[in-house]
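Undergrad: Need coordinates for the below:
(one chain, ligands or ions: 1)
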Amino acid sequence: MTSTPAPVTYRLQAPLPPAAPVPGCTTCADLAKRRARAAACGDYSRVSDCNIWIGRHDYHQAPIPR
Ligand SMILES: [Zn+2]
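TA: Below is the predicted model of the structure:
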């Protein structure tokens, strides 16, 4: 007789809201464009990556005025 494995309980959470790009930051702007392109292609793994990169990159940089 084989035994049935014990049931596993998963704690699921709602996905985080999309990270908001910091206004004026060129890195955020670039990542937001990449995110939009990925969403248009249905690449939601890349969308998730972009959200993480937007939320976690070290320095928000504005373009140097000329
Ligand atoms: Zn930024």
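
Undergrad: how many other residues sit next to residue 32?
TA: Residue 32 has 19 neighbours, counted by other CB atoms under 10 Å. Quick note: C-beta positions are derived from backbone N, CA and C, even for glycine.

Undergrad: and the closest residue to it other than its chain neighbours, what does it touch?
TA: In this structure, residue 32 finds its nearest non-sequential neighbour in residue 21, 4.4 Å apart by CB to CB, 6 or more residues apart in numbering. By CB atoms under 8 Å, 6 or more residues apart in numbering, the contact list for residue 21 reads 28-29, 31-32, 54.

Undergrad: repeat that with 10 Å
TA: 27-33, 35, 50, 54-55, 60 (CB atoms under 10 Å, 6 or more residues apart in numbering).

Undergrad: Per-residue pLDDT of it, please?
TA: pLDDT recorded at residue 21 is 93.

Undergrad: tell me which element it is part of?
TA: Using DSSP states H and E, residue 21 sits within no helix or strand.

Undergrad: Against the ion, how distant is it?
TA: 6 Å (CB to the ion, to the nearest Å).

Undergrad: hang on, the earlier thing: just the contacts of residue 21 that are near the ion?
TA: 27-28, 60 (CB under 5 Å from the ion).

Undergrad: Show the buried residues in those.
TA: Buried by 16 or more other CB atoms under 10 Å: 27-28, out of the ones next to the ion among the contacts of residue 21.

Undergrad: Which members of the ones next to the ion among the contacts of residue 21 are positioned in helices?
TA: Secondary structure assignment (DSSP state H) places 27-28 from those within helices.

Undergrad: returning to what we had before: reformat the contacts of residue 21 into CSV and put pLDDT next to each item.
TA: Output for these, formatted as CSV (pLDDT from 0 to 100):
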residue, pLDDT
27, 93
28, 95
29, 95
30, 96
31, 96
32, 96
33, 97
35, 96
50, 95
54, 94
55, 90
60, 89
